[in-house]
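Engineer: mind looking at a prediction? Sequence and model below.
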Amino acid sequence: MTGSLLPAMAEDVNMEPETELQAVRVTATRSTIDMEDTPRSISIIEKEQIEKRPGTSGIQPLLAETPGISFSRTGGLGGAIMMRGMSSATRHSALAIDGDRMRGRSVLDYNLIDPNSIERIEIIRGPASALWGSDAMNGLVNVVTRRTASSLDEPFSMKAHIRALDYNSGNNMYGTRAELAGSGAGFDVLIGAYARNADDYYTPEGRALNSDFRTRGTDFRLGFSPTHETRFELAGRYQQVTTGRAGGMGAAPGVPHMTVREDPIQEQYLKLGVQTANVGQFADLLEGSLYVRKLRTDVYTVNAVRSPPNTAHALVQAHEPTVFGGRINATRETGNHLLSYGVDFYREDFGPRYQTSRVQAPDGQILPPSVNNGVQMDRGSKQSNIGVYASDEWKVDPALVLSGALRFDYVHTKFDSTGPVAELPETRAAFARRPRISETALTGNIGAVFKLSPTWSIPVQISRAFRAPSGFEYTATTTFGTLSTPPSPDLAPEYSTTYEAGLRYHAKGLRINTTAYLSNYRDLIYPRQISPSDLERANIGKARIYGLEADGEWHFARSWSARFAVTKTHATDRTSNAPLEGVPDIFGNIALRYEASAGHWHADGAMRAANRRSRLGRDINNRPTERPRAGYALFDLYAGLDFGKIFGPGARGWKLVAGIENILNKAVHNQAAAENVNYPRSVGNPLMEPGRTFVIRLLHS
């Protein structure tokens, strides 16, 4: 089922062919504005769409069904999203959970979200720095998790149930989520436990070796509402994830050349929040939260290409970062103005990483250098950010809405005074010159929605965004596949200016949304290849990305509807006049749905497609760093049953969804996955998409 910025149509046994599509209200804008009244490009993946997408390993494939977003897969679970040509792995788009901006491990964060815990996903495509700060330079994904509705008028009761059972034949994945839910007397309780196991996934050219994963976790949301207007919340989660990287980002060219495993990724998270309404003249709604998040990762690497015929084994212990964060957000509707304002902050402590390594000969002999136990790899850093923001949506008259936001950020980064023994003298001198860095930025946007008629409107917007380098980017020695990247102590912040204009048609049963944008970047931070074995993380100068995004939904008969999303992106490093690496050209999806008039069953046919990509990234010597990617069209088929509507009240809430993905079993290399052109094309170089797969989900809603 394709994603859309449109709400799923409500079940109605008396549905007319021309169905009224209701306005959608979103909270990712730090307010609850109607999408019709904001010039921002916003997509919503609704609860129904998530529930009817069976077999999903993670949320990245769901996000890739919206315009402007592609998925750079690294395995059966892992991978980054590309939003408007920029990767979440390089922190050009931010992730929030229940309105709290997450900091930690941008490469791994999407691996740590259980799809069966989600209520909906809100996406701002394009600059959101004026509301969310540095990491939201290219957009924001806000994951809203499920919770139990509270009641002051009923006695408290609680029951346990199975939320979901999942199976995926392509990687023999079994998944489940069980919940303990309760409400009454002002309390709401939702406690979940989940697990997923998967083997290496199947492709038409063989198994994607080292793509298996395993997840174990528990989460909770506990709420208390002393009145109808106030709610306190305690939320948290603990989980461990083990996953292999079959190829792509950080692991190209994959097995047998290089094997990377994260065993485990461990997350501990605790949050205290409060929400209260009607706070006098100060706010109609006031929200606040404080959270702490700790991540720990052990990364095992077997590198068969660094010193052939020998093999290098390494264990990197990244037992950080620890992040403290919080926010206060207020919204106030006064006259024709919808105001939102507040403050948010984080402190990210990223201690040094330690490595144990050995070199092994083909006969098993350990060669010099001998085993190094816990050698420090890089310096630690502490980064703090505080931002103050305000926005206004002003309904000037029924035909015009003006929008504006302004934010001030202060970012302070402090480096440890001592680095690793092997730190280069020039790197040590650079950190000595800059033991701490303070940066400030003023970002904002101004826009308007011109309503030409009840059905036609034109949104326009100009935005200024920035991104400060993370402490990790300044200090870390990293490996991207077989390429090494040294620390980058001289990085500077990057800035962008984006121009957007669109055309929207919203009528009974039909919505179409189009957006054209142009983003100019200055001092863009981007990894570039400087030799066959080395990358550098640097401010490459100027870059330009422009594109066109369109999506829509059409209910053209009593039981029939269609959705589509299509994206065109063009990304260029203007300093070298070379294309930016890994950016798909034209891609999209379309889906056709039949929903029985009684709502007891449905069927979906979907197509995912992309054209041939021939604009290739180049290194500092103007040599291609990737090969052309063939175009493709993949077809999926899904069907679902609502047992409650078939068998009556005794089966209420139980649903079954099953499907066949990539029906024609086409061999497709991921359009955005990294590739090492020094090695032959294979299943993992670049990483191939899964082949024909049967998926099924039994869900209690």
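Structural biologist: Thanks, I have it. None of the values given here were measured: they were computed from a predicted structure. Residues are numbered from 1 along each chain as shown.

Engineer: lowest average confidence, helix or strand, in this structure?
Structural biologist: Across the helices and strands of the chain, the lowest-confidence element by mean pLDDT, DSSP states H and E is strand 478-480, at a mean of 64.

Engineer: secondary structure class for the nearest residue to residue 356 once chain neighbours are set aside?
Structural biologist: Counting by CB to CB, 6 or more residues apart in numbering, the nearest residue to residue 356 once its immediate chain neighbours are dropped is residue 315, at 4.6 Å. Using the backbone N, CA and C atoms, a C-beta is placed for each residue, glycine as well. Residue 315 falls in the strand class when you classify it by DSSP: H, G, I helix; E, B strand; the rest coil.

Engineer: what do you get for residue 431?
Structural biologist: Secondary structure, three-state DSSP: residue 431 is helix.

Engineer: so what's it up against?
Structural biologist: Residues near residue 431 by CB atoms under 8 Å, 6 or more residues apart in numbering: 379, 415, 419, 489.

Engineer: residues contacting the nearest residue to the third one once chain neighbours are set aside?
Structural biologist: Excluding its sequence neighbours, the residue lying closest to residue 419 (CB to CB, 6+ apart) is residue 379, at 4.5 Å. If you count contacts by CB under 8 Å, 6+ apart, residue 379 has them with 352, 415, 416, 418, 419, 420, 423, 431, 475, 487.

Engineer: ok, now with 10 Å
Structural biologist: By CB atoms under 10 Å, 6 or more residues apart in numbering, residue 379 lies in contact with 350-353, 415-420, 423, 427-428, 431, 471, 474-477, 487, 489.

Engineer: out of the residues you listed, which are inside helices?
Structural biologist: 427, 428, 431, 471, 474, 475 (DSSP state H).

Engineer: gap between residue 502 and residue 544?
Structural biologist: From residue 502 over to residue 544 the distance is 19 Å, taken as CB to CB, to the nearest Å.

Engineer: right, I mislabeled it, should have said residue 345
Structural biologist: Per CB to CB, residue 345 is found 33 Å from residue 544.

Engineer: show me where the stretch 551-700 of the chain has strands.
Structural biologist: Along the stretch 551-700 of the chain, counting by DSSP state E, counting those that start in this stretch, strands occupy 560-573, 578-579, 586-595, 601-610, 632-642, 654-661, 693-700.

Engineer: residue 214 is nearest to which of these?
Structural biologist: strand 693-700 (18.5 Å; CB to CB).

Engineer: now that closest one, how far from the chain's geometric center?
Structural biologist: Averaging C-alpha positions (CA atoms, centre = their mean, to the nearest Å) puts strand 693-700 23 Å from its chain's average.

Engineer: spit out the contact partners of the closest residue to residue 665 other than its chain neighbours.
Structural biologist: Take residue 665 and drop its neighbours on the chain: the residue closest to it by CB to CB, 6+ apart is residue 692, 4.1 Å away. Residues near residue 692 by CB under 10 Å, 6+ apart: 169-170, 202-204, 634, 660-666.

Engineer: show the backbone phi and psi for residue 692.
Structural biologist: phi -60, psi 130 (degrees, to the nearest 10).

Engineer: tell me how far it lies from residue 660.
Structural biologist: 7 Å.

Engineer: need the residues touching each of these two.
Structural biologist: Taking CB under 10 Å, 6+ apart as the contact rule, residue 692 and residue 660 both touch residue 169.

Engineer: returning to what we had before: among the contacts of residue 379, which ones are buried?
Structural biologist: The neighbour count (16 or more other CB atoms under 10 Å) marks 350-353, 415-416, 419-420, 423, 427-428, 431, 471, 474-477, 487, 489 as buried among the contacts of residue 379.

Engineer: circling back: quick one: the residue nearest to residue 419 is in a helix?
Structural biologist: No. Secondary structure of residue 379 (three-state DSSP): coil, not part of a helix.

Engineer: quick check: pLDDT value at it.
Structural biologist: Confidence at residue 379, expressed as pLDDT, is 92.
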